[in-house]
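# how would this look folded up:
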Amino acid sequence: ATRSNFIPCSIPDGIDLAYEMLPLKLARAGYETHHVGKWHQGFFSPAYTPLRRGFNSTFGFLEGGEDHYTSKTFEAQCTPLDVDLAENGAPAYGKNGTYTSFMFTERAVDIVNSYAGRTTPF
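As a prediction, the model looks like this:
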């Protein structure tokens, strides 16, 4: 990203769309990739978001400032519904009240465990 730590939704900025991110390259090689946590790569349009940058799934924040218990953003103009926590491209309603680090850890462990018994890990 090109700013200190925060790319507001109102600014058409993020990692250049011409840049092919690692998850997209891994997908072409047969891997599955998952984004869990904060994004910080821009989200001005869907093309900038994790699912469009090569991830098979995503669970986390798109903005750079939110309450980690309520999942509400500090930048209300960007998320009119106040919830910044997103799951696979949609607001993750009903998941507030738990500190997000615990939710992110649980999701990452679930993803790893979902590969148990498969002949290839990813």
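# where does Asp110 sit: helix, strand or coil?
helix (DSSP: H, G, I helix; E, B strand; the rest coil).
# Phe104 versus that one, what's the distance?
Distance, Asp110 to Phe104, using C-beta to C-beta, to the nearest Å: 11 Å. C-betas here are computed from N, CA, C, even on glycine.
# those two: which is more packed in?
Legend: neighbour count by other C-beta atoms under 10 Å for Asp110 and Phe104, higher for Phe104 (18 against 12).
# residues contacting that one?
Val36, Gly37, Phe59, Gly60 (C-beta atoms under 8 Å, 6 or more residues apart in numbering).
# quick check: Phe59 touching Val36?
Yes. Contact criterion C-beta atoms under 8 Å: Phe59 and Val36 qualify, at 5.3 Å.
# now the contacts of Phe104 in TSV, with neighbour count, secondary structure and pLDDT?
Converted to TSV, the contacts of Phe104 look like this (neighbours: other C-beta atoms under 10 Å; DSSP: H, G, I helix; E, B strand; the rest coil; pLDDT from 0 to 100):
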residue	neighbour count	secondary structure	pLDDT
Val36	19	strand	97
Gly37	16	strand	94
Phe59	24	strand	96
Gly60	20	strand	93
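# closest to Ser45 out of those?
Checking the contacts of Phe104 against Ser45 with C-beta to C-beta, the nearest one is Gly60 at 18.0 Å.
# excluding chain neighbours, what is closest to that closest one?
Spatial nearest neighbour of Gly60, excluding adjacent residues (C-beta to C-beta, 6 or more residues apart in numbering): Gly37 at 4.6 Å.
# sheet-wise, list the partners of the helix or strand of the chain with the lowest mean pLDDT with their directions.
Sorted by mean pLDDT, DSSP states H and E, the helices and strands of the chain end with strand 90-91, the least confident at a mean of 86. Here strand 90-91 has these sheet partners by DSSP bridges: strand 85-87 (antiparallel).
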